[in-house]
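# Build me a structure from this.
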Amino acid sequence: MNSVQLTIAAYVVYLVLSIGITIWVAKTLFKNGKVFLHDIFHGNQALAESVNNLLLVGFYLVNVGYAVYVLKVTDSITNVQQLLEILSVKVGFIILLLGGMHFFNLFVFFRLRRKAQMSAQEALQATIINQR
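Take a look at the predicted model:
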């Protein structure tokens, strides 16, 4: 394989891996995030599902957009070893980015959940005081 063919192979493998991993992570977050959102929105299932869908779209836009943005390989790829090394750096960075976004999402979910629990607790205390 010549340099151009190896570069094109790198692009194809990189896009398939990075988009595939993004889809897997997004589906996992989407499925498991429903519980948090349902709790945050006090059982309002329609709102929780709507927000979850919006988060999913945003997640895809940011991650697929970034993966495509950094697609370019600046070095000439002359052998399979270089191809694998470039792919490992590019895909590894995408995985780190997805991990960072995952922990950021968890941080936001837990903060929102804590605020929702505090609001519910304050509302309960107000109800108890008003009943006296």
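# Next SSE downstream of whichever strand or helix holds residue 50?
Assigned by DSSP states H and E, residue 50 falls within helix 45-69. Downstream of helix 45-69, the first helix or strand assigned by DSSP H and E is helix 80-131.
# For that next one, which helices and strands make contact with it?
For helix 80-131, the packing partners by 3 or more CB pairs under 8 Å, 6 or more residues apart in numbering; DSSP states H and E come out as helix 3-40, helix 45-69. C-betas here are computed from N, CA, C, even on glycine.
# helices or strands next to the first one in the packing?
Just to be clear, that refers to helix 3-40. Packing partners of helix 3-40 (3+ CB pairs under 8 Å, 6+ apart): helix 45-69, helix 80-131.
# before we move on, the earlier item: which of the residues in the helix holding residue 50 are buried?
Going by neighbour count (16 or more other CB atoms under 10 Å), the buried part of helix 45-69 is 48, 51-52, 55, 59, 63-64, 66-67.
# Let me know the angle separating it from helix 80-131.
Between helix 45-69 and helix 80-131, the angle comes out at 160 degrees (axes from the mean of the first three to the mean of the last three CA atoms, to 10 degrees).
# now the angle between helix 3-40 and helix 45-69, please.
Using the same axes, to 10 degrees: helix 45-69 against helix 3-40 is 160 degrees.
# Show me what helix 45-69 is packed against.
Packing partners of helix 45-69 (3+ CB pairs under 8 Å, 6+ apart): helix 3-40, helix 80-131.
# can you redo those as TSV with distance to residue 74, mean neighbour count and mean pLDDT?
Formatted as TSV, these follow (distance: least, CB to CB, whole Å; neighbours: other CB atoms under 10 Å; pLDDT from 0 to 100):
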stretch	distance to residue 74	mean neighbour count	mean pLDDT
helix 3-40	10	16	89
helix 80-131	10	13	83
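# And those: which comes nearest residue 72?
Nearest to residue 72, of all the helices and strands packed on helix 45-69, is helix 3-40, at 8.8 Å by CB to CB.
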